[in-house]
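Participant: I'd like to go over a predicted model; first the sequence, then the structure.
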Amino acid sequence: MEKSLKWKFILIVVILVITCFYLAPSVFTMPSWWTSTFPSEKVSLGLDLQGGMHLLLEVETEKALSNTIDRMIGELKDVLLKERIPFDRIERVQNDTLLIEILNPEEYKDKFTKLLEEQFPILEKQSVDEKEKVVTYTLGLSLKEKQYLQTFAVDKGLETIRNRVDEFGVAEPIIQKQSEDRILIQLPGIKDPKRAIDIISRTALLEFKIVNDENDLNKALKGEMPFDSEILYSKLEDKKTGEMTKTPYLLKKSTLLTGEHLTTAGVRFDQFNRPYVTLAFDSIGGKIFERITGENIKKRLAIILDNNVYSAPVIKDRIGGGGAIIEGNFTSETARDLAIVLRAGSLPAPVRILEQRTVGPSLGQDSIREGLTSTLVGGIAVVAFMAVYYLLSGVLANAALLLNILIILAALAAFRATLSLPGIAGIVLTIGMAVDANVLILERIREEIRAGKTPRAAIDAGYSRAMSAIIDSNLTTIISALFLFQFGTGPIKGFAVTLTIGLTASLFTAIVCTRVVYDYVLSKWRVKKLSI
């Protein structure tokens, strides 16, 4: 065997072995020793094949702006008190603007302006209304900061939702940006859509606030609200009757600690086998929590998630170690779900469901059956035509076609890509393109044989003359597929992936694999006439 032929043969064997390794888990149930040592990824089926849930979410980016303004208000209050700059009123007037009244402007106006420039550069003066004893500033977020916050809200929301879905245990989900403020989610094989929606769409804003026991709750409920307080409720659902009970709490507005410093959350059970959620903070959060509990002994600390008060235990002593617990009327499942969203982090802005579709598994089975039927019918027709029209050379082309399909499926498993109906369409188109490449080669060989050339010379000339046409047609189609992948959405991307892999494999099987077989046969036997 010639040296070049030997290396080509080794290359084909290596690719064939790799293909078998990646396809084996999709065909057989592999033992544990295999999965711990060799590739164990399977060809994953998309939403349209195995059923599941389709969601289109809109991120309320304006809420991200208002959250930032609320945080700025709290920081401004702290700094003004620290710098002893008197102020009368500070409040948010729009999503991206706030109003603040500074007293004694002749004495404190310049000091406040300098403070804004040094410590709050993201706030711009929109208007200044100066009177004798008070100056009113309207401050707003800069255009650059607003654009950043809105983009960050979507990107961070995408990352957080992906983390939650990964924790939820959905195999091969599709989670991607659909436009500037929308997120597309497809969850194949999901069994409990309601629970998945609850986990995905929950904002999960964790806050710790002190309960205001110094003022009368009943008066606050009637409208006599202390300026530094607010009312939030603890909502509990009766497991037997399904009735919702709401318990009001009068809380200090100031948020002492948020979930920003949370590192992990888990589920534990008390002595009565009731589940509760454990929290662990990073070093900064642990120090803040220790300071909060040390400064508020004998006061109640409310633990709040998305404006729902889960518990408000009395602080008996300073708590170190960076840990806390959330108790409530939990089941094991709701406690686990709460731990999932806390571990994954809070959404920077709420999300709204714009579109929701559930694909049943029966529809998925119909799609699989119809897709496989179309592929098999088309494949059998092509294989039969090639074998009848080109004889043994057609059989060789069919073998190359089969190898092409196996390489596509193995590549999908290796890259953890999802096979969908558009992907099956890509495979069908690939079969046509692969056959076209073989037909070009075989027709060129036939022409050379008619011209009186020997089998060796006919094969050499046939491959060399068909090469440019095959590469040009496949390369231009691959470039088109790459553009589809870059700018298309989910189904179009699936079509582009299988088409690109298939055409690349087609170049290998049509040009390299079939040529190796011809060269090997001609080197071993004296072939006077080709079966073509």
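Facilitator: Sure, I can see it. Numbering: from 1, shown residues only.
Participant: Could you chop the chain up by domain?
Facilitator: In the domain annotation for the chain, the residue ranges read 3-51+360-524, 62-145, 202-357 (automatic domain parsing).
Participant: Figure out how far whichever strand or helix holds I408 is from the centre of its chain.
Facilitator: Assigned by DSSP states H and E, I408 belongs to helix 361-414. Once both centres are worked out by Cα atoms, centre = their mean, to the nearest Å, helix 361-414 turns out to sit 32 Å from its chain's centre.
Participant: one step back: any chance of the domains of the chain in a markdown table, plus mean pLDDT, distance to T160 and mean neighbour count?
Facilitator: To be clear about C-beta, it is placed using only N, CA and C from the backbone, and glycine gets the same treatment. Converted to a markdown table, the domains of the chain look like this (pLDDT from 0 to 100; distance: least, Cβ to Cβ, whole Å; neighbours: other Cβ atoms under 10 Å):
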| stretch | mean pLDDT | distance to T160 | mean neighbour count |
| --- | --- | --- | --- |
| domain 3-51+360-524 | 83 | 20 | 17 |
| domain 62-145 | 86 | 13 | 15 |
| domain 202-357 | 85 | 5 | 16 |
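Participant: got the ones you listed as JSON lines, with distance to R182 columns?
Facilitator: Below are the domains of the chain laid out as JSON lines (distance: least, Cβ to Cβ, whole Å):
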{"stretch": "domain 3-51+360-524", "distance to R182": "11"}
{"stretch": "domain 62-145", "distance to R182": "14"}
{"stretch": "domain 202-357", "distance to R182": "7"}
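Participant: quick one on the thing from earlier: list of residues touching whatever helix or strand comes next after the helix holding I408?
Facilitator: Downstream of helix 361-414, the first helix or strand assigned by DSSP H and E is strand 418-419. Strand 418-419 is contacted from outside by 43-46, 49, 172, 174, 188, 409, 412, 494, 498, using Cβ atoms under 8 Å, 6 or more residues apart in numbering.
Participant: Greatest separation within these: which pair is it?
Facilitator: Using Cβ to Cβ, the two most remote members of the contacts of strand 418-419 are I174 and L409, lying 19.3 Å apart.
Participant: could you list every residue that touches the residue nearest to T61 when sequence neighbours are not counted?
Facilitator: Nearest residue to T61, sequence neighbours excluded (Cβ to Cβ, 6 or more residues apart in numbering): Q150, at 4.0 Å. Q150 makes contact with 61, 64-65, 180-181 under the criterion Cβ under 8 Å, 6+ apart.
Participant: Secondary structure class of Q150, three-state.
Facilitator: helix (DSSP: H, G, I helix; E, B strand; the rest coil).
Participant: sorry, back to before: take the contacts of Q150 and keep only those in helices.
Facilitator: Mapping the contacts of Q150 onto helices (DSSP state H) picks out 61, 64-65.
Participant: nearest to E370, of those residues?
Facilitator: T61 (40.9 Å).
Participant: and V267, that one's in a strand?
Facilitator: Yes: under three-state DSSP, V267 falls within a strand.
Participant: picking that back up, closest to E159 out of the domains of the chain?
Facilitator: Relative to E159, the nearest member of these by Cβ to Cβ is domain 202-357, separated by 8.1 Å.
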